[in-house]
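Colleague: the sequence and its predicted three-dimensional model are supplied below.
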Amino acid sequence: MEELLQKIEEATGFIQQQTEVAPEWGLILGSGLGVLGSEITDAVTIPYNQIPHFPTSTVEGHAGQLVIGTLEGKKVVAMQGRFHYYEGYSIQEVTFPVRVMKALGIDKMLVTNAAGGIDTNYAAGDLMIISDHLNFAFQNPLMGKNEESLGARFPDMSDAYSARLRQLAHSVAEEHATKLQEGVYLWLTGPSYETPAEIRMMRKLGADAVGMSTVPEVLIARHAGIEVLGISCIANLAAGILPQPLSHAEVMEVAEQVKPRFIQLVRGIVAQA
Ligand code: HPA
């Protein structure tokens with residue numbers, strides 16, 4: 001565990017050699033949503049493969065770099081591209097950057113993803129505020145010895161997705177007349193998409209959207225006392241709802257269409273939080 005503290009310190013120290021910015025917001029930009037990183041001004045960009053102990057990202061649509069600078073007058077650190085459990089990284093590797101962002105000083109985190117819509121009232125292109133999650137990967141990055149200096153052994157998850165930030169998101173969306181859904185995100189490992197039977201089961205269990213990320217980072221963020229807001233881009237309706245098969249190309253295409261609304265929403269939230 002000492003090893004973890006040392007790794008965090010080395011990664012953080014390396015980043016602080018490149019920039020004096022002490023960020024208050026951490027932004028994790030999911031599939032196709034990395035574009036927000038280019039909205040950051042006075043930016044210092046650091047490829048993941050240069051940062052000590054960072055894994056490197058492989059998936060199409062994920063640039064794989066930290067962008068540190070200013071957005072709406074606020075100091076931010078953005079992950080342009082994230083690590084997924086299905087890529088073969090350990091769950092600790094997937095969440096290591098959240099530890100580093102915390103050490104850099106963030107106290108708020110926006111985590112975004114592309115997800116499949118399970119609620120049949122959803123449409124591809126909708127944005128969904130995450131109200132809560134279901135962990136269907138049954139993996140937890142907090143397993144093992146707890147480092148008390150990082151957080152509690154048994155962190156509370158009853159307010160994992162900040163009511164304050166969710167309310168703010170809705171008020172920003174209202175200002176821009178942007179439709180916003182809110183619902184429960186279910187995490188599973190992937191990388192295969194779900195079967196129609198799995199989606200019917202998940203709907204019965206209370207899931208509104210499904211995806212292959214986000215929950216591990218949120219578990220670590222909450223352990224670290226970071227206030228979290230989650231936004232899913234509903235990239236497609238989940239398996240079996242419509243007759244056509246699911247494809248990553250479709251996911252990326254919808255994320256592309258959502259970009260302007262997504263950027264406007266996030267700018268408004270960051271400006272006011
Ligand atoms: N299922 C899981 N993950 C996803 C989906 C989906 O339908 N769409 C985008 N990410």
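Modeller: That came through fine.
Colleague: which SS class is Gly230?
Modeller: Under the three-state scheme (DSSP: H, G, I helix; E, B strand; the rest coil), Gly230 adopts strand.
Colleague: now it: how far from Ala169?
Modeller: 10 Å (CB to CB, to the nearest Å). For glycine as for every other residue, the C-beta is placed from the backbone atoms N, C-alpha and C.
Colleague: other SSEs contacting the top helix by length along the chain?
Modeller: For the chain, the helix that runs over the most residues, judged by DSSP state H, is helix 248-272. The contact analysis (3 or more CB pairs under 8 Å, 6 or more residues apart in numbering; DSSP states H and E) places helix 248-272 against strand 74-80, strand 108-117, strand 127-135, helix 163-175, strand 227-237.
Colleague: in the longest one, what counts as buried?
Modeller: It refers to helix 163-175. Going by neighbour count (16 or more other CB atoms under 10 Å), the buried part of helix 163-175 is Leu165, Arg166, Leu168, Ala169, Val172, Ala173.
Colleague: now render those as CSV, adding pLDDT.
Modeller: Formatted as CSV, the buried residues of helix 163-175 follow (pLDDT from 0 to 100):
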residue, pLDDT
Leu165, 98
Arg166, 98
Leu168, 97
Ala169, 97
Val172, 96
Ala173, 95
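Colleague: in the chain, where is pLDDT below threshold?
Modeller: 1-2, 57-63 (pLDDT under 70).
Colleague: now do the contacts for the most centrally placed residue in it.
Modeller: When CA atoms, centre = their mean is applied to the chain, the residue found nearest the centroid is Val111 (2.7 Å). Going by CB atoms under 8 Å, 6 or more residues apart in numbering, Val111 touches Ile28, Gly30, Thr214, Glu217, Val218, Ala221, Val228, Leu229, Gly230, Ile231.
Colleague: by neighbour count, which of the residues you listed wins?
Modeller: Neighbour counts for those, by other CB atoms under 10 Å, peak at Gly230, which reaches 30 neighbours.
Colleague: roughly how far apart are that one and His53?
Modeller: Taken as CB to CB, the span from Gly230 to His53 is 25 Å.
Colleague: and for Val266?
Modeller: Here Val266 is placed at a distance of 28 Å from His53 (CB to CB).
Colleague: who has more neighbours, these two?
Modeller: Just comparing Val266 and His53: by other CB under 10 Å the higher neighbour count belongs to Val266, 26 against 18.
Colleague: tell me the contacts of the closest residue to that one other than its chain neighbours?
Modeller: Distances taken as CB to CB, 6 or more residues apart in numbering put Leu36 closest to Val266, at 6.0 Å, once the chain neighbours are dropped. Shown here is Leu36, whose contacts under the criterion CB under 8 Å, 6+ apart are Leu27, Leu29, Ala78, Phe262, Ile263, Val266.
Colleague: helix/strand/coil for Leu36?
Modeller: helix.
Colleague: circling back to that earlier point, and the longest helix of the chain with strand 74-80, angle?
Modeller: Helix 248-272 and strand 74-80 meet at an angle of 170 degrees, taking axes from the mean of the first three to the mean of the last three CA atoms, to 10 degrees as the criterion.
Colleague: contacts for helix 248-272, please.
Modeller: Identification of contacts with helix 248-272 by CB under 8 Å, 6+ apart yields 25, 27, 31-33, 35-36, 39, 60-61, 71-74, 76, 110, 112, 114, 124-125, 127, 165, 168-169, 172-173, 175-176, 178, 180, 229, 231, 233-236.
Colleague: so how far is that helix from its chain's centroid?
Modeller: Remark: helix 248-272 is offset 13 Å from the chain centroid, using CA atoms, centre = their mean, to the nearest Å.
Colleague: report the inter-axis angle for it versus strand 108-117.
Modeller: 150 degrees.
Colleague: for the protein, what lies in contact range of the ligand?
Modeller: Contact residues (CB under 6 Å from any ligand atom) of the chain with the ligand: 114-116, 193-194, 210-212, 235-236, 238, 246, 251.
Colleague: many thanks, have a good one.
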